[in-house]
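**Student:** any chance you could fold what I've pasted below:
(one chain, ligands or ions: 1)
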Amino acid sequence: MADTIFAKIIAKQIPATIVYEDEQALAFRDIGPKAPVHILVIPKKEIARIADATAADEALLGRLLTVANEVARNEGIDKSGYRLVINNGKDAGESVPHLHVHLLGGRALTWPPG
Ligand code: DGP
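**Tutor:** The predicted structure follows:
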């Protein structure tokens, strides 16, 4: 079992503000929010980053996106708009080696990101 902070959140060994959970996915509030709504949607399966996903993960990857949509609706930002981001590797600023989709919204977001 990988020893990431997100594996510990999945195992409920450390606390997080969980907003969605099913057999495959978990969504919880980011500890350092960059927008009024900043939630991380993660697979329970240990995939370090999107580059490590395989064809066998395609359904799971799709599930993460539909979970993100559902959470966005629950957060009331589906009409105002939101952004989904996956940081892969050093240059993208990936800091936790467990795949996570950032859901950001609740304010106008600038583009492109820095
Ligand atoms: P990234 O830079 O894409 O790897 O994003 C990792 C995010 O994880 C970052 O926005 C902060 C968040 N994060 C790191 N540690 C914790 C934690 O212990 N709890 C929660 N809720 N979020 C965390």
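
**Student:** I'd say E70 and Y20 touch.
**Tutor:** Yes - look at E70 against Y20 with Cβ atoms under 8 Å: they come within range, at 6.8 Å. Heads up, the C-betas are built off the backbone N, CA and C, glycines and all.

**Student:** so what strands line up beside the lengthiest strand in the chain?
**Tutor:** Ordering each strand of the chain by length in residues (DSSP state E) puts strand 37-43 first. Strand 37-43 pairs in its sheet with strand 25-29 (antiparallel), strand 101-105 (antiparallel), by DSSP bridges.

**Student:** which one, of these, ends up nearest to the ligand?
**Tutor:** Closest approach to the ligand among the strands paired with strand 37-43 (Cβ to the nearest ligand atom): strand 25-29, 5.3 Å.

**Student:** so A56 sits in a helix?
**Tutor:** Yes - residue state for A56 (DSSP: H, G, I helix; E, B strand; the rest coil) corresponds to a helix.

**Student:** quick revisit: for D78, find the nearest of the strands paired with strand 37-43.
**Tutor:** In this view, these are compared for proximity to D78 by Cβ to Cβ, and strand 101-105 is the closest at 8.7 Å.

**Student:** how far does that closest one sit from its chain's centre?
**Tutor:** Relative to its chain's centre, strand 101-105 lies at 7 Å (Cα atoms, centre = their mean, to the nearest Å).

**Student:** touching that strand from outside, list them.
**Tutor:** Residues from elsewhere that reach strand 101-105 (Cβ atoms under 8 Å, 6 or more residues apart in numbering): 27, 30, 34-42, 64-65, 68, 71-72, 75, 77, 80-87.

**Student:** now a PyMOL select for only the buried ones of those residues.
**Tutor:** Here is the PyMOL command that picks out the buried ones among the contacts of strand 101-105, judged by 16 or more other Cβ atoms under 10 Å:
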select buried, resi 27+30+35+37+38+39+40+41+42+64+68+71+72+75+77+82+86+87
